[in-house]
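**Student:** okay, predicted coordinates and the sequence, questions at the end:
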Amino acid sequence: MTEPLNTMPENEQPVLNISGLSTVYNLKIGQVKSVTDVSFELARGEILGLVGESGSGKSVTGLSIAGLITAPGRVVSGSVLLHGQELTTLSENALRAIRGNDISIIFQDPMTTLNPVLTIGQQFFEVIHAHRKCSYSQAMKEAETALIEVGIPAPRERLDNYPHELSGGMRQRVCIAISLINKPSVVIADEPTTALDVTIQSQILHMMQRLVRERDVAMIWVTHDLSVVAGFCDKLAVMYAGRIVEAGPVQQVLSNPAHPYTAGLMDSIPGDCLPGSRLEQIPGTQPSPLQLPSGCAFRTRCKYARNECAEKPPEVAVGSGRTAQCFFPLTEVQNVRRK
Amino acid sequence: MIAFIIQRLLQGAGVVLAMSVIVFVGVFAIGDPVELLINPDADQLTRDAVAHSLGLDQPLWRQYLIFLWSAVHGQLGTSFVFNIPAIELILQRLPATLELALGATLLAITIGIPLGLIAGLFDNSWFSRVIMAGSIFGFSLPTFWVGLILILTFGVWLGWLPVFGRGETVAVFGIEWSFLTLDGLAHLALPVLNLALFKVALFIRLTRASVREIVPQDFVRFARAMGIHPSRVLTRHILKNIMIPIVTVIGIEFGSVVAFAVVTESIFNWPGMGKLIIESINQLDRPVIVAYLMVIVVMFVFINLVVDLLYAVLDPRVRLGSTSR
Amino acid sequence: MTGSNTQQSAVPLRGAKEAHATKPQSNLSKLLAFGAEFCGSPAALAGIVTLGVVIAAAICAPLITPQNPYDLSTLSIMDARLPPGTSNFNGYTHWLGTDGLGRDMFSAIVYGLRISLTVGATSAIFALIIGMTMGLSAAYVGGRTDAAIMRLVDLQMSFPPILIALILLAILGRGADKTMIALIAVQWAYYARTVRASALVEREREYIEAARGLRLGHGQIIFRHLLPNCFTPLLVVLTIQMAHAITLEATLSFLGIGLPETQPSLGLLIANGYQYMLSGAYWISIFPGIALLVTLLSINIVGDRLRDMLNPGLKR
């Protein structure tokens, strides 16, 4: 990491400011609270890792920010400020002008994100044309430059290809180039490397990191993989059952987790344990989203849980720029003993 | 591309050949071929002469070759009801049937696809439910009975439209067409509607199913997430994808409409080849039956070829020549 | 759960579904639960009730009809073409009118329904047996057998059913047995294709591997192990094909090349009424048509519901 963490210049406003965001799905079998009271902010050139198991609400958080929640889902409360502008109250038309333009999304599976019957060039044109007047040939020039930036050789030929003619890694590079074509200030990346080979994954991570720094983009990197977050993100927010249970600068959180869930996640990374030793795992399974436990949702699986945990846990500051939603955040001593 | 067309033509020739064997065995070997080709009132001498000229004293495989040889030369026997070559009779009736089938297919597309789109895009709304309920209704209505109801309603009770025959025709390139005159169009209206109704239901269901398959896909969500206007998402992203299965089915269904014209033509007294085949079956005019079947088989092989080509043109994922789908 | 949200909402639901699936269930309670879910749609409930009534009426035809329409001695030409609701000589009211021979339309329809259903169901079941056997053998044996059978299926399915039936009846001639042969020949391919598709998936499963390892006979593996697991999609195809068979039979009979006059199915009744229709005796054609429509509609609604619930991935 080249820059010191979490030090915003005093006069610079955060690009994105999320506070109290809650999203629910009203299903026949009941209401699912996918995202509850999520808050964070993000500055230019900063990467936030949003980590959690599947179903923890991390992807829904990303979609909620971009205003992409459709029925039966609904953003019920909270605010999303982009450059100080409130997005949750905007009309669909105004939101659409922002989507793909100032806020962009990269999806998980590059094999299905591109339209199979349009050429790569046409797909670039669609996205450029949606936001500004531009001739097709002009769009192709831009697209070619964008493809070079994401490391695609012979970009001109690629523009005439259909998606099925490209490999998975190549397609994800194309998706990234399309997402960035209108120079967004915020990019929400929903596990964009999960579906790829490990070698290609690290190439793409490096490329993304470079692009974010060069272009001063604020990025939310949604993932379930803590090991990706470690070398890549600046800040980390850990989600469990729709809430951010712990947030802070990556190195500090990872070296000294305050929430027992974060600690549990770290213990279950195979790389961290000695060969032959038993891999730790969090006992139990995630609670059903229809019947979340009262108070701290993690208490049913937490080995530190006590009676107090049935109440709503407080958000406590556990260091500079660090918070955890827990009655009994882990101390450094406990963390040393844990290892 | 050319290799693909040749491959398909060969396959088609194979199908035609297979069908000719079936038709030959079915009509010639089971029935009496002499009766098939000459007037039943002919005397024994003529019968023997015909039997000899057909080579009926030859083994079956040689008889088949003779049949095939004359078929290739366009000789499929002479209708003993009309006393003209059967193939000529069929070809005379072909334009009337084509006119009917094309009209019905067009009508089915223009009604069915938009309704299917609506039903697929607004899945839970009340009008989608109405459309789907209507499509089950259209699916269940037997074509011939609907024909009767149409005649009863528009012909007998309301008296708005003619219900019998083809009406005035105009010759274009030596072929008589009725859709170019007002009277002809009036005569076309009910048969076309009748023939189209079942296909409307089919296109509604097909379009809805395709839309529901495409809409939740990632690339549609991605297009929306990139701020592309919904109407553009619909035309460029959704429609372009669903057109692939739909165009294929349109081709196949056109063939089916030609076959189904048998029913509609019989009810509306439409002088097409469908009505002719039913009359021929009832009058045992076998040369005409054989000619009809061979014409239909060739037509189907041709339609399937066109459908395959269209499919390859529309879907970039299909590579011509490399598949034997 | 619908459309674009399936992906998003499927995730938070997973926990709930797993919890549900762990409850042990007996076969009977499974069946009851299935029935309850089936009737969850009012249209499906109405469909199955109507179908039940139609089938019951066809079975009990002699009990519920005032007249045996085949017994010519009870017919009087004096009663011919009475409009619906007229009383005849003996004071009996013909609620649906009478036909050209003075036959009570209600009786004729119920008996016609009986014939239509019998022909439709018999041919559908025979086609099911033949198609199932072919499809299973194709999937189980594989290789050339598979290729040959599927070639035949493809060839047949590239022609519309009515055309094939027309060809066969043109060759074979008119008659109940011949009509059924034509219907079977038209339908078997749909069953064969369906059963092959699911059997190909099942064949790769571990339990078939296990059965082979145990050196069970091929027949035993096919019918005891493979078949029961391919049956759900077949059920849907059977319902839909049943409706097709009935429609096709009615159409062929209407055209005068299906059933003979001595077995007046609904299609024949409609054809017979056709000649009187233009002179105003609409009921002779209309009422059998409505009976046919109600039957087909109820079968199709049931089939649609089954398909939605079992969802065997059928294209049409």
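**Tutor:** Everything's here; your move.
**Student:** any stretches of chain C with poor pLDDT?
**Tutor:** Where chain C drops to pLDDT under 70, the residues are C:1-26, C:72-81, C:85-86, C:88-92, C:94, C:311-316.
**Student:** if we use 50, what do you get?
**Tutor:** Within chain C, the set of residues satisfying pLDDT under 50 comprises C:1-23, C:312-316.
**Student:** top helix in it by residue count?
**Tutor:** In chain C, assigned by DSSP state H, the helix with the most residues is helix C:105-141.
**Student:** is that helix positioned near chain B?
**Tutor:** No: figure legend: helix C:105-141 not in contact with chain B (Cβ under 8 Å from any Cβ of the partner chain); closest approach 10.8 Å. Placement of C-beta: from N, CA and C, glycine included.
**Student:** and that helix, what does it pack against?
**Tutor:** Applying 3 or more Cβ pairs under 8 Å, 6 or more residues apart in numbering or on different chains; DSSP states H and E, one finds that helix C:105-141 makes contact with helix C:42-59, helix C:61-64, helix C:143-157, helix C:176-203, helix C:231-254, helix C:266-277, helix C:283-310.
**Student:** wait, a strand at residue A:220?
**Tutor:** Yes: assessed by DSSP: H, G, I helix; E, B strand; the rest coil, residue A:220 belongs to a strand.
**Student:** leaving out chain neighbours, which residue sits closest to the residue of the stretch 51-200 of chain C found nearest chain A?
**Tutor:** Chain A sits closest to residue C:197 of the stretch 51-200 of chain C, with a gap of 23.2 Å, by Cβ to the nearest Cβ. The shortest distance from residue C:197 to any residue other than its chain neighbours is 7.6 Å, reached at residue C:233 (Cβ to Cβ, 6 or more residues apart in numbering or on different chains).
**Student:** need the contact list for residue B:98.
**Tutor:** residue B:258 (Cβ atoms under 8 Å, 6 or more residues apart in numbering or on different chains).
**Student:** make JSON lines from the helices and strands packed on helix C:105-141 and add distance to residue B:59 and mean neighbour count to it.
**Tutor:** JSON lines is the format used below for the helices and strands packed on helix C:105-141 (distance: least, Cβ to Cβ, whole Å; neighbours: other Cβ atoms under 10 Å in any protein chain shown):
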{"stretch": "helix C:42-59", "distance to residue B:59": "51", "mean neighbour count": "16"}
{"stretch": "helix C:61-64", "distance to residue B:59": "53", "mean neighbour count": "13"}
{"stretch": "helix C:143-157", "distance to residue B:59": "27", "mean neighbour count": "14"}
{"stretch": "helix C:176-203", "distance to residue B:59": "28", "mean neighbour count": "22"}
{"stretch": "helix C:231-254", "distance to residue B:59": "35", "mean neighbour count": "24"}
{"stretch": "helix C:266-277", "distance to residue B:59": "42", "mean neighbour count": "24"}
{"stretch": "helix C:283-310", "distance to residue B:59": "48", "mean neighbour count": "22"}
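**Student:** could you confirm whether stretch A:89-108 reaches chain C?
**Tutor:** No: on the criterion Cβ under 8 Å from any Cβ, stretch A:89-108 is out of touch with chain C, staying 10.1 Å away.
**Student:** returning to that earlier point: now the longest helix of chain C: how far from the chain's centre is it?
**Tutor:** Helix C:105-141 has its C-alpha centroid displaced from the chain centroid by 7 Å (Cα atoms, centre = their mean, to the nearest Å).
**Student:** can you check stretch A:17-31 too?
**Tutor:** 18 Å.
**Student:** could you list the low-pLDDT ranges of the chain?
**Tutor:** Picking chain A for this. A:1-11.
**Student:** you answered for a different chain; I wanted chain B.
**Tutor:** B:320-325.
**Student:** the strands in it, which residues?
**Tutor:** B:170-172, B:175-177 (DSSP state E).
**Student:** run through who's touching stretch A:226-238.
**Tutor:** A:1, A:3, A:5-6, A:40, A:42, A:46-52, A:193, A:201, A:205, A:208-209, A:221, A:223, A:244-250, A:253-254, A:259, A:261-262, A:265-266, A:269, A:271.
**Student:** buried ones in stretch A:152-164?
**Tutor:** A:152, A:155, A:158, A:159, A:161, A:162, A:163 (16 or more other Cβ atoms under 10 Å in any protein chain shown).
**Student:** sorry, back to before: so which of the strands of chain B is the most packed in?
**Tutor:** strand B:175-177 (a mean of 16; mean count of other Cβ atoms under 10 Å in any protein chain shown).
**Student:** give me the distance from that strand to the chain's centre.
**Tutor:** Counting by Cα atoms, centre = their mean, strand B:175-177 is centred 19 Å from the centre of its parent chain.
**Student:** who are the packing partners of that strand?
**Tutor:** Using 3+ Cβ pairs under 8 Å, 6+ apart, strand B:175-177 sits against helix B:86-121, strand B:170-172.
**Student:** again, only this time at 6 Å
**Tutor:** Packed against strand B:175-177 by the contact rule (3 or more Cβ pairs under 6 Å, 6 or more residues apart in numbering or on different chains; DSSP states H and E) you find no helix or strand.
**Student:** direction included, what does that strand pair against?
**Tutor:** Partners of strand B:175-177 in the sheet, by DSSP bridges, are strand B:170-172 (antiparallel).
**Student:** give me the contact list for the partner strand.
**Tutor:** B:177, B:180, B:181 (Cβ atoms under 6 Å, 6 or more residues apart in numbering or on different chains).
**Student:** that one: how far from the chain's middle?
**Tutor:** Counting by Cα atoms, centre = their mean, strand B:170-172 comes out at 23 Å from the chain centroid.
**Student:** around chain B, which positions in chain A sit nearby?
**Tutor:** A:68, A:96, A:99-101, A:105, A:107, A:112-115, A:117, A:126-127, A:130, A:162, A:164 (Cβ under 6 Å from any Cβ of the partner chain).
**Student:** circling back to that earlier point, out of the buried residues of stretch A:152-164, who's nearest chain C?
**Tutor:** residue A:163 (19.2 Å).
**Student:** just the strands in chain A please.
**Tutor:** Under DSSP E, chain A gives strands at A:16-27, A:30-42, A:47-51, A:73-82, A:85-86, A:103-106, A:186-190, A:218-223, A:235-240, A:243-249, A:315-319, A:322-325.
**Student:** what is the nearest of the buried residues of stretch A:152-164 to residue B:86?
**Tutor:** Proximity of the buried residues of stretch A:152-164 to residue B:86 (Cβ to Cβ) peaks at residue A:162, which lies at 48.8 Å.
**Student:** verify the stated contact: that closest one with residue B:316.
**Tutor:** Yes: using Cβ atoms under 6 Å, residue A:162 makes contact with residue B:316 at a distance of 4.2 Å.
**Student:** any residue of stretch A:65-84 up close to chain C?
**Tutor:** Yes: counting by Cβ under 6 Å from any Cβ, chain C has neighbours in stretch A:65-84: residue A:70.
**Student:** start to end distance for that stretch?
**Tutor:** 14 Å (Cα to Cα, to the nearest Å).
**Student:** now swap in stretch A:310-319 and tell me
**Tutor:** 25 Å.
**Student:** next, the buried residues of it.
**Tutor:** For stretch A:310-319, using 16+ other Cβ under 10 Å, the buried residues are A:313, A:315, A:318.
**Student:** ok, residues contacting that stretch?
**Tutor:** A:258, A:294, A:295, A:296, A:323, A:324, A:325, A:326, A:327, A:329.
**Student:** go again with 7 Å.
**Tutor:** The contact list for stretch A:310-319, computed with Cβ atoms under 7 Å, 6 or more residues apart in numbering or on different chains, reads A:248, A:252, A:258, A:294-296, A:299, A:323-327, A:329.
**Student:** likewise stretch C:243-257?
**Tutor:** Contact partners of stretch C:243-257, identified using Cβ under 7 Å, 6+ apart, comprise B:142-144, B:262-263, B:266, B:278, B:281-282, C:116, C:119-120, C:123-124, C:161-162, C:165, C:169, C:174, C:179, C:183, C:186-187, C:258-259, C:265-268, C:270-271, C:292, C:295-296, C:299-300, C:303.
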